[in-house]
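A.B. asks: Here is my input; please provide its structure:
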Amino acid sequence: MSYWERCPACEALGKIDEEQLQGKVSIECSECGLHYQRDVAGLELALRERGKCGSCAGSLANGYINSVMLDQYATWEFPVWGNVLARDEDKRTPRRAVSYLCDKCITLMKEGKAPIKWALEIYQEDDVYKLLYHDVKDLEAAEPITVEDLE
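C.D. replies: This is a model prediction of the structure:
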């Protein structure tokens, strides 16, 4: 798998490896020579350290953090989504749940082989991100947003 990072000094796009992506080892820009370490902070760090795939319950430590928009209503504040282009207020308002999937399950989901089982609620207590999983079967269904719904 390939990962790309923009240099914070010259904004050149360069290929990095998984350890560099996770902030474990430093990066040297091939354009300007800046030697820096990627800052993996806050929410991303919480998802990589403690996050579980919403389909297989595997780790989100490696690879991309794939967010998937669900057609179920969230009963929490974050993360939620809505479509700003939808004509209907219910479909425009960010009230729908989100799940996070590992790279393997995102590929399987596209093939219809990885059902999403859990939506994720994220909140903060002091400086700590808390992750709370919700069974999607327990969430109220929302009407899907289709192309016909968009302005």
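A.B. asks: Going along the chain, name the strands of this structure.
C.D. replies: Ranges of strands within the chain are 3-6, 13-16, 27-28, 35-36, 66-73, 96-101, 118-125, 128-135, based on DSSP state E.
A.B. asks: Averaged pLDDT, the third one. What do you get?
C.D. replies: Across strand 27-28, pLDDT averages out at 90.
A.B. asks: what's the offset of the helix or strand of the chain with the lowest mean pLDDT from the middle of its chain?
C.D. replies: When the helices and strands of the chain are scored by mean pLDDT, DSSP states H and E, helix 18-21 comes last with a mean of 78. Chain-centre distance of helix 18-21: 17 Å, with CA atoms, centre = their mean, to the nearest Å.
A.B. asks: For that helix, name the packing helices and strands.
C.D. replies: strand 3-6 (3 or more CB pairs under 8 Å, 6 or more residues apart in numbering; DSSP states H and E). For glycine as for every other residue, the C-beta is placed from the backbone atoms N, C-alpha and C.
A.B. asks: And the strand it packs on, how far out from the chain middle?
C.D. replies: 17 Å.
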